[in-house]
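*Asks:* predicted model and sequence follow; I will ask about them next.
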Amino acid sequence: MTNTPRTILIATSNPGKLREIQALVADLPVRWIGPADLEPLPEPVEDGDTFEANAKKKARHYARLTGYWTLADDSGLEVDALDNAPGVHSARYAGSRDDQANNAKLIRRLGGVPAQRRTARFVCVMVLASPHRVLAVTRGTIAGRIIDTPRGENGFGYDPHFWLPDVQKTTAELTPDHKNRISHRGQAMLAMARCIGELLTDATT
């Protein structure tokens with residue numbers, strides 16, 4: 001048996017996601033790497049119609065290319081008044097990975113929708129895959145409401161417009177620790193951390 005830690009690739013080029021995930025899994029006996037630690041790799045085509053389908057595609061794609069266990073997530077915003085849009089298209093809602101443009105389109109499409117009908121949720125599905133199979137799937141959600149005026153400097157994406165009535169703040173106004181405890185990604189990652197811990201134990205016994 002070896003004490004060399006397992007290397008797991010976090011398959012995201014989003015620095016905000018990478019920071020959040022690394023903070024949540026810092027205690028695991030794992031060497032975490034990101035795409036920037038490797039030679040450039042072709043990106044998968046994320047054409048699934050669910051968060052889980054896209055997360056599985058990403059995890060399998062990078063695991064097969066690199067030989068590493070790979071952790072991938074697909075996450076996004078579902079707004080009830082927009083028939084759950086932007087959903088799986090959240091990252092490119094306005095046509096590109098531009099947070100400001102995505103938020104502007106969201107608020108424009110909600111023009112005239114009263115506050116009580118602006119209910120929404122962030123959803124995150126995480127998948128861990130080896131080069132041969134999917135090892136674990138977890139999911140997290142957090143409910144809130146969309147507001148017109150952005151608030152807060154923390155977070156990324158739609159966070160400045162995602163209002164949490166229970167704490168009277170947007171997710172962009174939360175401290176990183178608070179956000180990690182309650183967010184969709186935090187819930188999914190904490191569940192995944194338990195799965196990874198069990199998988200590592202099984203692999204060494």
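*Replies:* Sure, I can see it. Residues are numbered from 1 along each chain as shown.
*Asks:* packing partners of the lowest-mean-pLDDT helix or strand in the chain?
*Replies:* Taking mean pLDDT, DSSP states H and E as the measure, the chain has helix 15-24 as its least confident helix or strand, at a mean of 77. Helices and strands touching helix 15-24, by 3 or more CB pairs under 8 Å, 6 or more residues apart in numbering; DSSP states H and E, are strand 6-10, strand 69-79, helix 176-182, helix 184-203. C-betas here are computed from N, CA, C, even on glycine.
*Asks:* check contacts around the spatially most central residue of the chain.
*Replies:* Taking CA atoms, centre = their mean, the centroid of the chain lies closest to Ser75, which sits 4.5 Å from it. Ser75 makes contacts with Lys17, Phe51, Ser90, Phe122, Val123, Cys124, Val125, His184, Arg185, Ala188, as judged by CB atoms under 8 Å, 6 or more residues apart in numbering.
*Asks:* at 10 Å what do you get?
*Replies:* Residues in contact with Ser75, defined by CB atoms under 10 Å, 6 or more residues apart in numbering, are 12, 14, 17, 51, 54-55, 88, 90-91, 122-126, 139-141, 157, 183-185, 188.
*Asks:* again, but for Ala94
*Replies:* Going by CB under 10 Å, 6+ apart, the list of residues near Ala94 reads Pro86, Gln100, Ala101, Asn102, Asn103, Ala104, Lys105, Leu106, Arg108.
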